[in-house]
Each structure stands twice: as C-alpha cells, then as structure tokens.
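Student: fold the following for me, if possible:
(one chain, ligands or ions: 2)
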Amino acid sequence: MAKLRVLYERLTSCCGCQLSLLNCEEELTALAEGVELVAFPMASSRPDDGRALDVVLIEGSVSAPEEIRRLMVLRRRATWLVAVGACALSGGINALGSVDRGTLCTRVYGEQGSCLEVFPPQPLRRFVTLDLQVPGCPPEGGELLGVLGALLRGGLPALPDFAVCMECRLRENLCLLQERRLPCLGPVTRAGCQARCPSLGVACEGCRGWAAEANRGEAFRLLIDLGLGEGEIRRRMTRFAGGDHETVMP
Ligand code: SF4
Ligand code: SF4
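Tutor: Ligands and ions are numbered 1, 2, ... in the order given. Got it, this is the predicted structure:
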C-alpha cells in the first residue's frame, strides 16, 4: 500500500489539536508505516517539499490575509482537505470577544501590534471547499487516527452527527441535566467524544459543535428552567460557535 503524503498546517490556533494527535503515542509507530509526514509544525522540522499532497490537516481559524493565501495554496495541492478542531470549523474560542482586533493586538503586543494585518477569526469553509471536518476543542486523537486510517484504505471515516446524550445512554451515565440539574449541552452537541465530560460528572460545554437536528430552542428552555439567565445561556451555547449568536434560540 502506497504511503499517504500528509501535511499538517496550523493557522491561528493554540496547537492543542496537533497535541491531540501526538498524544496517541501507542499508535504513532503504526501510523508512520502508512503515512509520509511532509510537514507537521510540532512534530518535525522537515521543510515542506512543495509537491502534491494526499491529505492536508489544518487546525486554527483564518485571521490574516497571509493565512488566506496559505489556505488557497494548500487547497490546490491537496486531494483531501481536512479541517481539524473547533477553530477551523467555526472560528472557535479564537472568535470570542467583542473588542476589535486592532485594539486587541495593541493591548497584547504594544505599539508593534497596531501594524499587524488581522481580521476577526473565520472558519475555513468561508474560503475553500472542505472534504472533511473533524470537530472538537481539541478533537479526539482516536478520531484523527480514524480519518487517516480510513483515507489510507481508500474509504471514508464515520464521523457521528448524533448528540452526546446518545453516548451517555450507552455508558449508562446519570443525566446531569435532569438528575443533577447541571447546565449540560449534551442534548445539542455532536457526539464522538464518548461523552467524555458527563462521564466524569462534568456538564458538556459543547466543544464539538451542534449535533444534526439539534433542538436548540428546547435546550434553551431547559436551561432557563434551571434558573440560568438568557445572556449566560447565549454565552454557553456560542462559546465554540465562533460567536454565531444567530443560531441560538430564542
Ligand atoms: S480547536 Fe481548541 S485545541 Fe484546537 S487549536 Fe482551536 S482552541 Fe486549540
Ligand atoms: S462532553 Fe461535550 S465538552 Fe466534553 S469533550 Fe464531549 S463535546 Fe466536548
């Protein structure tokens, strides 16, 4: 079987998605047998050879003109362009905050910051066509391995689009929302993490984005019943949604 030529790129990100893959230490040796790593910022200093690529994994949101250019070039080189993590899918937590970017850069970097060419973080899909999207902040390492494994064998990965609640039921967890009255977003959040947080008694924060057919209006009402204010609910429901308040009911 020919090796997959894979490049990992980061745009505006915290590198947490890369770490998620690198943390799969037991599987990395097997992965290396099927994958030629052309570039991977946190794992290799090997320079990109500039040739065509089978798979490009990209983490982070787009927040500078130079990142748009890099994204376009990689789109042309890649057979499979895969957005990795909440920042790439929706803008993620990068997109939080109402302060304009110029002011933010000056606050962080001083006067030099005012020279930076930046704009509010955007998801990749606003600029290029994506072949696959792996949700999560960060995504599950096993899910990233599954994507590479499926593409290596000429198939497509199975990425669930049902709600985290389904995985809670499979694990026979108590319902945090109904039985412990915690503001859990499991009913509207996309599964795939094996209900990682509720299994530890922690309410789901929605890091994997919306589940298909998520009834956000009903989730909003349930959280109101718990005594949360509308503003607090909106903040919780849009934390990983790139500030997309339009999608939150009512
Ligand atoms: S999705 Fe989360 S872990 Fe990944 S780069 Fe963005 S903030 Fe970091
Ligand atoms: S339970 Fe919710 S917050 Fe926790 S990892 Fe899964 S989707 Fe993310």
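
Student: where do the helices sit along the chain?
Tutor: 16-22, 25-34, 65-77, 86-90, 101-109, 141-152, 164-170, 176-179, 216-225, 230-238 (DSSP state H).

Student: hey, which of those is tucked in deepest?
Tutor: Ranked by mean neighbour count under mean count of other C-beta atoms under 10 Å, the helices of the chain are led by helix 86-90, which reaches a mean of 30. Every C-beta, even on glycine, is put in place using the N, C-alpha and C of the backbone.

Student: spatially nearest residue to the residue of the chain found nearest ligand 1 (excluding sequence neighbours)?
Tutor: Residue nearest to ligand 1 within the chain: G16 (2.6 Å; C-beta to the nearest ligand atom). Distances taken as C-beta to C-beta, 6 or more residues apart in numbering put P138 closest to G16, at 4.3 Å, once the chain neighbours are dropped.

Student: same check, this time on R101
Tutor: In space, R101 comes closest to V118 once its chain neighbours are excluded; the distance is 4.7 Å by C-beta to C-beta, 6+ apart.

Student: go ahead and confirm C87 touches G60.
Tutor: Yes - when contacts are counted by C-beta atoms under 8 Å, C87 is listed as touching G60 (4.9 Å).

Student: need the residues touching each of these two.
Tutor: 11-13, 17, 94 (C-beta atoms under 8 Å, 6 or more residues apart in numbering).

Student: which ones are touching the most centrally placed residue in the chain?
Tutor: The chain has G85 as the residue nearest its centroid, 1.7 Å off, counting by C-alpha atoms, centre = their mean. Counting by C-beta under 8 Å, 6+ apart, G85 touches 13, 16-17, 59-60, 92, 134-139.

Student: returning to that earlier point: if we check ligand 2, which of the shared contacts of C87 and G60 are in contact?
Tutor: Subset of the shared contacts of C87 and G60 in contact with ligand 2: empty, counting by C-beta under 6 Å from any ligand atom.

Student: would you list the contacts of G85 in a markdown table and tack on pLDDT?
Tutor: Output for those, formatted as a markdown table (pLDDT from 0 to 100):
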| residue | pLDDT |
| --- | --- |
| S13 | 96 |
| G16 | 97 |
| C17 | 98 |
| E59 | 98 |
| G60 | 97 |
| G92 | 93 |
| V134 | 98 |
| P135 | 97 |
| G136 | 97 |
| C137 | 97 |
| P138 | 97 |
| P139 | 98 |
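
Student: narrow the residues you listed to those in strands?
Tutor: 59, 134 (DSSP state E).

Student: can the contacts of G85 go into a markdown table with extra columns for distance to V164?
Tutor: Output for the contacts of G85, formatted as a markdown table (distance: C-beta to C-beta, whole Å):
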| residue | distance to V164 |
| --- | --- |
| S13 | 24 |
| G16 | 20 |
| C17 | 19 |
| E59 | 22 |
| G60 | 24 |
| G92 | 18 |
| V134 | 16 |
| P135 | 11 |
| G136 | 11 |
| C137 | 14 |
| P138 | 16 |
| P139 | 14 |
